[in-house]
Structures are given as structure tokens and as C-alpha cells.
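Enquirer: Predicted model follows, preceded by the sequence.
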Amino acid sequence: MSDEIKVPRGLANVVVDSTAIATTGSTGNLLYRGYRAVDLADRKSFEDVAYLIVYGKLPDEAELKAFRNKLFSNMVLDDDTKRIMDILKEKDIMRNLRSITSLIKYRNGDFNEMFIQMEAKLPLIAAYSAHAAYGEHLREPEGEYFAEKFFSLIASPEKKKYWKSLEKLMILYMEHEFNASTFALRVAASTLTDPVSAVTAAMATLKGPLHGGANSEVLSYLSGIKNEEDARNFVEEKLAKKEKIMGFGHRVYKKKDPRAQYVKEELRKIAHDDPKFIAAELVENYMFEKKGLPANVDLFAAVLMDFLGIKEIYNLPVFACSRIFGWNAHYIEQVENNKLIRPAAEYTGPEERDL
């Protein structure tokens, strides 16, 4: 067709729509509704930032209290849902999170209720999934804040004083433009499907190792690096084989990922002598020296969660429990100014043939 426009594979650098939710600004900072994400992580609670992302403004005291109460009142799993997880014993927690989320009960047409239900229940689904599949000790959520309650479900009780480090990471995970899972959600939302279905599409996309699934591989290779020579040998070997090193490179951040640097400095404050943190810095330094590739947030996020006693099975669920608030905002933005997302493709198969 004469009106078709060819664009790069993967839609690299192609602007497909507009958004007022988040962007990487001209200074290279990640902005949420105009505020620097790292400043929000420093000074605001997870609920403050979630409200900002979803509703477009920071809440006043009454709005924050109502929002927090709504989340906490829905932070419960019914017995039927638990029974399903007990039967499945699904060891892939992210797969289970996607499947169980799709079964959440809701009233048709009440989109706000659907999102509140998902946002409140995801931490519980993640924790109960690990209990059903691995026999992980099941705890009740404790604390006055969303991230503190989540921390109490999945992290080491001995590291409780560091729960705000998890909150900061979750704030930085909350939103990031038209990434793969968000775009998948917006494609689904453009059909005017319900939020539960759209979030299920986003979770299925998030599960891929080129999007959210890098943390486990990061911890695996960091465990084998004890000194600068190990770091150099590891990087040289991977580069010689033309293999990707997880935790490095980003389509948006070419010189520096501000989220990665923020989490690195958080680790320096609480875990400067942790062997995996030392290894991560060694690999980061040599990768930048050799290839000019900056570390992305996955590198230091993996180390932080390991330090907090959060097992690898929870790494992606932590991301999902944060990013769902961004998905919420994108769903609203899509349906309020909707146009079905339906691109064309260049056909490269055989011409019409007689049978």
C-alpha cells in the first residue's frame, strides 16, 4: 500500500504516541510527571509516588490516607485463590503471578476497582506462590507502608531496618515510558479489553529475559568474580563469544542509567563490603572501559535484593508489584484517548500461487 511507512525493526526511536506520565529528560534523568524519579525515591513514600503516577499529582494528607487505606483493605487472598496455588505448586513465580492475577474477582466495568485489587494482591500472590511451590515460610504482611508490608513477606527479617532500600528500588521500578511490557499493555488496552486482561499481557511480556528477567543471570556470574582479574576475564570471554552480559546496555540510556547509579550509591551506604557489590563495580568499570556500555538498573538491583535476603524467585515479582502502578496510568491514558494499535507488516513470503 502506498501509505505504509517503513520503520526500524523493534520500533527503535519510533514515536508511536504521546504520554504525560514519564520520560527521560534532556539531562538524562528519568522523570515521573516532571519530577526526577531519584528525588522522589529519596523523599517520598511508595504510595506518594504511586498516587502521582496514577492520578497525575502528589497527594495531600487526606488523599494519601484514603489511597493507602484502599490498598491495605484489599491486601487479602481468598481461600479459593490459595487452593488453586496449592494445587498448581507452580515453581515459576512470575508465571503463577500472571495466571492467578487473571483470576482476580471483580465487578464488570469498575476499572478502578480492578487495578486496586491487582495492586494490593500482587505481593500476597507472590509470597503465597513461593509458599505453595517451595514451602517458603508464610508470613502476614506487617508495617505501616506498602513497601514495608511487601518487605515483611519476602525479605530476611534480620534485614528489616533496611526495608526503605526496597521501597526506593520499587519507586525506581514503577514507570519507564513505552517499554516492552507497557507497550504490550497499551496494545491490549487499545482493544478496550479490561485491565486484568491488559495487565496479564504486560506480565507475559515482562517475563522475557530481554526485558525484566536479567537479575538471576547477574547474580550467577557475580558469584564467580572475586577480583579485578576475574572481572576482566569474564568480560573478555563473553565479548569474544559475542554474548550479551546481563545488567548492561539500555535502549534509552547510552551514557548512564540514573536508576543504576542511585541503587549503587544506596548499596554503598548499606553494603559497601558485600562481595557481590564489589564484583558488580569491577565488572561495571571494565565494561565501560572496554565497550563504553553503562550498567543498567538490573545489575545493582540484583545485588540489593540479594543483600536484603530476597530470593531470586522474587526478583521479577518485585518489578511487577512496582510497575503495575505505571501500567495503571498507561491503561487510563490509552483508553481516554484511544485508537486501536494495529501496525502493518512487510510481506516477504511467496507470491500468489495456484494450488
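Expert: Yep, it's here.
Enquirer: which stretches of the stretch 151-300 of the chain aren't confidently modelled?
Expert: When residues are selected by pLDDT under 70, those of the stretch 151-300 of the chain lie in 213-214, 251, 253-254.
Enquirer: Check the secondary structure at the closest residue to K244 other than its chain neighbours for me.
Expert: Distances taken as C-beta to C-beta, 6 or more residues apart in numbering put K238 closest to K244, at 7.8 Å, once the chain neighbours are dropped. (Glycine included, C-beta is placed from N, CA and C.) At K238 the chain is in helix, as set by DSSP: H, G, I helix; E, B strand; the rest coil.
Enquirer: correct me, but K238 touches I245?
Expert: Yes - using C-beta atoms under 8 Å, K238 is in contact with I245, at 5.1 Å.
Enquirer: about what we covered before: the residue nearest to K244 and H211, how far apart?
Expert: For K238, the distance to H211 equals 20 Å [C-beta to C-beta, to the nearest Å].
Enquirer: now swap in A12 and tell me
Expert: Distance, A12 to H211, using C-beta to C-beta: 15 Å.
Enquirer: and after the longest helix along the chain, which helix or strand comes next?
Expert: In the chain, with assignment by DSSP state H, the single longest helix is helix 111-134. Remark: after helix 111-134, the chain's next helix or strand is helix 146-154, criterion DSSP states H and E.
Enquirer: packing partners for that following helix?
Expert: helix 46-55, helix 61-73, helix 111-134, helix 163-173, helix 315-336 (3 or more C-beta pairs under 8 Å, 6 or more residues apart in numbering; DSSP states H and E).
Enquirer: So for A37, which of the ones you listed sits nearest?
Expert: Closest approach to A37 among the helices and strands packed on helix 146-154 (C-beta to C-beta): helix 163-173, 5.7 Å.
Enquirer: What lies in contact with the closest one?
Expert: Helix 163-173 has contacts (C-beta atoms under 8 Å, 6 or more residues apart in numbering) with 30, 37-38, 40-42, 44-46, 49, 143, 145, 147-148, 150-152, 155, 259, 262-263, 266, 270, 297, 301, 304-305, 308, 310, 318-319, 321-323.
Enquirer: Mind checking which of those are buried?
Expert: 30, 37-38, 40-41, 44-46, 49, 145, 147-148, 150-152, 155, 259, 262-263, 266, 270, 297, 301, 304-305, 308, 310, 318-319, 321-323 (16 or more other C-beta atoms under 10 Å).
Enquirer: Go through stretch 201-211 and flag the buried ones.
Expert: Under the neighbour-count criterion of 16+ other C-beta under 10 Å, stretch 201-211 has A201, A202, M203, T205, L206, K207 buried.
Enquirer: Quick check: the residue nearest to K244 vs N215, distance?
Expert: Noted for K238: a distance of 17 Å to N215, by C-beta to C-beta.
Enquirer: what about those two, which has more around it?
Expert: A count of neighbours by other C-beta atoms under 10 Å puts N215 above the other of K238 and N215, at 27 against 17.
Enquirer: That one contacts M305, correct?
Expert: Yes - with contacts counted by C-beta under 8 Å, N215 reaches M305, the gap being 7.1 Å.
Enquirer: so what sits against both of the two?
Expert: N315.
Enquirer: Count residues in the vicinity of S102, would you?
Expert: Count around S102 with other C-beta under 10 Å applied: 13.
Enquirer: going forward, begin numbering at 760 instead of 1
Expert: Renumbered: residue one is now 760, and that last one reads S861.
Enquirer: which residues sit in contact with it?
Expert: Counting by C-beta under 8 Å, 6+ apart, S861 makes contact with V955, S956, T959.
Enquirer: Mind checking what helix or strand follows the helix or strand in which the first one is found in sequence?
Expert: With elements delineated by DSSP H and E, V955 resides in helix 954-965, which encompasses its position. Helices and strands here follow DSSP H and E; after helix 954-965, the next one along the chain is helix 974-981.
Enquirer: helices and strands around that next one, which ones?
Expert: Using 3+ C-beta pairs under 8 Å, 6+ apart: helix 974-981 touches helix 1034-1050, helix 1056-1066, helix 1074-1095.
Enquirer: With distance to H890 added, can I get those in TSV?
Expert: As requested, the helices and strands packed on helix 974-981 are exported to TSV (distance: least, C-beta to C-beta, whole Å):
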stretch	distance to H890
helix 1034-1050	26
helix 1056-1066	19
helix 1074-1095	13
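Enquirer: Give me the residue at the spatial middle of the protein.
Expert: Against the mean C-alpha coordinate of the chain, by C-alpha atoms, centre = their mean, the closest residue is F1078 at 3.0 Å.
Enquirer: and that one, what does it touch?
Expert: Y932, L965, G971.
Enquirer: how near is the first one to A1103?
Expert: Yep, that's Y932 we're talking about. Counting by C-beta to C-beta - Y932 and A1103 are separated by 33 Å.
Enquirer: Settle it for me: which of the two has more neighbours?
Expert: Y932 (21 against 10).
Enquirer: what's the spacing between the more buried one and V946?
Expert: 21 Å.
Enquirer: again, but for M929
Expert: In terms of C-beta to C-beta, M929 sits 25 Å off from V946.
Enquirer: Looking at the two now, which is surrounded by more residues?
Expert: Taking other C-beta under 10 Å, M929 and V946 do not tie; M929 has more neighbours (23 against 19).
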